[in-house]
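Enquirer: Sequence unavailable; structure follows:
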């Protein structure tokens with residue numbers, strides 16, 4: 001069951017829709033204005049990379065793109081890679097704090113108040 005992205009030709013609204021049955025796409029209309037003349041968009045493909053894969057693929061010598069630094073899942077990756085290289089176990093406390101930072105980076109500010 002694919003999720004497709006569309007853009008309305010009238011109001012330019014972009015939206016997603018899950019297609020459950022064949023023929024459903026022909027009856028689709030823009031949720032903002034009701035227009036039925038829609039353009040199907042080509043979406044980015046997203047796939048999940050596990051934490052261990054992310055760590056294995058991280059090379060601290062390679063300059064990363066700006067998007068790398070905007071992705072909170074990369075917080076602490078350098079420290080993990082260096083610890084792995086030195087054979088040091090950073091412990092559960094470090095891993096728990098790192099996971100909290102990755103899932104809720106704003107928690108650092110809230111917890112320090």
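Expert: Yes, it's here. Computed from a prediction, not measured in an experiment: that's the story for all the values here.

Enquirer: make it CA atoms for all contacts and neighbour counts henceforth
Expert: Fine.

Enquirer: Give me the residues contacting the least confident helix or strand in the chain by mean pLDDT.
Expert: Lowest mean confidence among the helices and strands of the chain (mean pLDDT, DSSP states H and E): helix 107-112, at a mean of 75. By CA atoms under 8 Å, 6 or more residues apart in numbering, the surrounding residues in contact with helix 107-112 are 100, 101.

Enquirer: go again using 10 Å as the cut-off
Expert: 97, 100, 101 (CA atoms under 10 Å, 6 or more residues apart in numbering).

Enquirer: OK, contacts around the first one?
Expert: Meaning residue 97. Taking CA under 10 Å, 6+ apart, one finds 76, 108 in contact with residue 97.

Enquirer: swap the cut-off to 6 Å and go again
Expert: With contact set as CA atoms under 6 Å, 6 or more residues apart in numbering, residue 97 has no partners.

Enquirer: where does it land in three-state SS?
Expert: helix (DSSP: H, G, I helix; E, B strand; the rest coil).

Enquirer: Looking at it now. What's its pLDDT?
Expert: Per-residue pLDDT puts residue 97 at 89.

Enquirer: What of the second one?
Expert: Per-residue confidence at residue 100 stands at 90 (pLDDT).

Enquirer: Roughly how far does it sit from residue 57?
Expert: 22 Å (CA to CA, to the nearest Å).

Enquirer: Those two: which has the busier surroundings?
Expert: Taking neighbours as other CA atoms under 10 Å, residue 100 and residue 57 compare with residue 100 leading, 14 against 10.

Enquirer: Tally up the residues packed near the nearest residue in space to that one that is not next to it in sequence, please.
Expert: Leaving out its chain neighbours, the residue that sits closest to residue 100 by CA to CA, 6 or more residues apart in numbering is residue 107, at 7.6 Å. Applying other CA under 10 Å, we find 12 residues neighbouring residue 107.
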